[in-house]
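Participant: how would this look folded up:
(one chain, ligands or ions: 1)
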Amino acid sequence: MKVAIFGTQFYEREYFNKYNIGQKHELVFFDETLNIKTINLAKGFEAVCAFVTDAIDKKCIKKLSEFGVKLIDLRSAGYNNVDIESARNHNIKVLRVPNYSPQAVAEQAIALILTLNRKTHKAYNQVRENNFSLQNLMGFNLFGKTIGVVGTGKIGRAFCSIMLGFGCKVIAHDIKENDDLKQKGVKYKAFEKLLSESDIISIHCPLNSETNHLFDKKAFDKIKKGVMIINTSRGAIINTEDAIVALKKEQIGYLGMDVYENESNLFFRDLSQSVIQDDLFGRLLSFNNVLITPHQAFFTKEAVTEIAKITIKNFTDFEENEVLENEIKL
Ligand code: NAI
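Facilitator: Residues are numbered from 1 along each chain as shown. Predicted structure coming up:
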């Protein structure tokens, strides 16, 4: 099958070519992200392969359908950037990689927590300047703290297990409770209860119409003063403007983000020689208790290998009319 791969990242050609065993599929890599401005690049392809940076809205889907594209294969778990209903109406299948390595993302959430707490990023720089003072480096024990987990799917569950290992009390909120977690001692709570009881809150639910700006002024008014909030899920689950107000009031004590609601203008490229135009992002960077990583939670050797393997398998399943086990159905 001839596939247009959009928004190709520097590492992806190597991994995709490696797992495209026998060059079964004709893979054409584009650096451009897929959106209404670049949609014409998809002409002549049966399938497009998209990433989190691509914006496949209703207009794009209509164009893809006109070009004869039959498959959108996402090399990500989240699918908030595709109009699934519109794809269904145009008889275009949408597949994804639902389970490539929940541990990769959960472990990044832990990295954010430990760095924000124990300030290893600051200590690293300080020691290189021969400053061995402990001033400003005090952290807190994780042992015994209450961790609130929003979304206990694959990643949330992996995260809960690690936090239980630290000796934390883990509470959770999800629209569906998980019995295994309950047996391990995790207690499910209403969202408001989780907000008021947690010392650290980690977000692991998908972005959808219900979770868009779930963390807004109303939510921040209910959190314990000085709480740590970690978001490795999708940026728009946090209302950034409200988070900035809560940071200024010291209501949020620490904020760790691997995702940011306007990240599509920034992330996955080197802008070190550019002037950043996003003032909201600039304000976030000005807080010394905010740590931002550039959507790298998925970025481990194991996860990238699985993403390549499963994405190629999705192409093959579609081409050979196999059962589409990774199809997104609403
Ligand atoms: P999953 O589908 O296994 O779990 C999501 C959980 O969230 C489910 O248990 C679901 O019931 C729950 N949920 C849905 N709506 C909710 C709501 N309103 N309130 C509370 N819980 C709700 O998904 P998985 O694999 O755990 O991934 C979670 C998210 O992580 C993805 O949707 C994606 O956005 C993000 N992600 C981020 C990555 C990164 O590199 N930063 C990489 C992979 C995923």
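Participant: longest helix in this protein, by residue count?
Facilitator: helix 301-319 (DSSP state H).
Participant: Need the residues that contact that one.
Facilitator: The contact list for helix 301-319, computed with C-beta atoms under 8 Å, 6 or more residues apart in numbering, reads 1, 3, 11-12, 15-16, 18-21, 24-25, 47, 49, 70-71, 73, 75-76, 93, 95, 97, 100-101, 103-104, 298, 322-326. (C-beta placed from N, C-alpha, C; glycine too.)
Participant: Now find how far off-centre that helix is within its chain.
Facilitator: Distance, stretch centre to chain centre, for helix 301-319: 18 Å (C-alpha atoms, centre = their mean, to the nearest Å).
Participant: and if you look at stretch 204-221?
Facilitator: Per C-alpha atoms, centre = their mean, the centroid offset for stretch 204-221 relative to its chain is 14 Å.
Participant: tell me the mean pLDDT over it?
Facilitator: What stretch 204-221 shows for mean pLDDT is 98.
Participant: Same check on stretch 72-85?
Facilitator: Per-residue scores along stretch 72-85 average to 96.
Participant: ditto for stretch 134-152
Facilitator: Mean predicted lDDT for stretch 134-152 stands at 98.
Participant: hmm, who's touching that stretch?
Facilitator: For stretch 134-152, contacts defined as C-beta under 8 Å, 6+ apart pick out 113, 117-119, 122-123, 126, 156, 159-160, 163, 166-174, 177-178, 181, 186, 189, 191, 194-195, 197-206, 214, 233.
Participant: Among the residues you listed, name the ones in strands.
Facilitator: 169-173, 200-203 (DSSP state E).
Participant: out of these, who's nearest the ligand?
Facilitator: Lowest distance from the ligand to the ones in strands among the contacts of stretch 134-152 (C-beta to the nearest ligand atom) belongs to His173, with 5.4 Å.
Participant: Verify the stated contact: the closest one with Leu194.
Facilitator: Yes. Using C-beta atoms under 8 Å, His173 and Leu194 qualify as a contacting pair, with a distance of 4.6 Å.
Participant: List the contacts of Gly68.
Facilitator: Glu46 are the contacts of Gly68 under C-beta under 8 Å, 6+ apart.
Participant: quick one: pLDDT of it?
Facilitator: 98.
Participant: could you measure it against Asp180, distance?
Facilitator: To Asp180, Gly68 is 44 Å away according to C-beta to C-beta, to the nearest Å.
Participant: which bits of this structure sit near the ligand?
Facilitator: 77-78, 102, 105, 150-156, 173-176, 204-207, 210-211, 232-234, 258-259, 295, 297-298 (C-beta under 6 Å from any ligand atom).
Participant: which of these count as buried?
Facilitator: Among these, the ones that count as buried by 16 or more other C-beta atoms under 10 Å are 77-78, 102, 105, 150-156, 173-174, 204-205, 207, 211, 232-234, 258-259, 295, 297-298.
Participant: Where does this structure get nearest to the ligand, which residue?
Facilitator: For the chain, C-beta to the nearest ligand atom, closest residue to the ligand: Gly153, 1.6 Å.
Participant: Could I get the phi/psi values of that residue?
Facilitator: phi -80, psi -150 (degrees, to the nearest 10).
Participant: What residues does the closest residue to it other than its chain neighbours make contact with?
Facilitator: Using C-beta to C-beta, 6 or more residues apart in numbering and skipping the chain neighbours, the partner closest in space to Gly153 is His204 (6.7 Å). Contacts for His204 (C-beta under 8 Å, 6+ apart) come out as 105-106, 109, 149-153, 155-156, 159, 232-233.
Participant: any idea how far His204 is from Ile229?
Facilitator: 12 Å.
Participant: surely Lys59 meets Ile36?
Facilitator: Yes. At 5.2 Å, Lys59 counts as touching Ile36 under the criterion of C-beta under 8 Å.
Participant: How many residues are close by the nearest residue to Arg88 once chain neighbours are set aside?
Facilitator: Excluding the flanking residues, the one nearest Arg88 by C-beta to C-beta, 6+ apart is Leu330, at 7.0 Å. Under the neighbour criterion other C-beta atoms under 10 Å, Leu330 is assigned a count of 7.
Participant: With Val323 instead?
Facilitator: Neighbour tally, Val323, other C-beta under 10 Å: 7.
Participant: show me what contacts it?
Facilitator: Contacts of Val323 by C-beta under 8 Å, 6+ apart are Asp317.
Participant: do the same with Phe281
Facilitator: Contacts of Phe281 by C-beta under 8 Å, 6+ apart are 260, 262, 266.
Participant: among these, which are in helices?
Facilitator: Per DSSP H, the contacts of Phe281 never map to helices.
Participant: which of those has the most neighbours?
Facilitator: Busiest of the contacts of Phe281 [other C-beta under 10 Å] is Tyr260, holding 24 neighbours.
Participant: ok, now which ones touch it?
Facilitator: With C-beta under 8 Å, 6+ apart, Tyr260 has these contacts: 235, 240, 266-267, 281, 284, 292.
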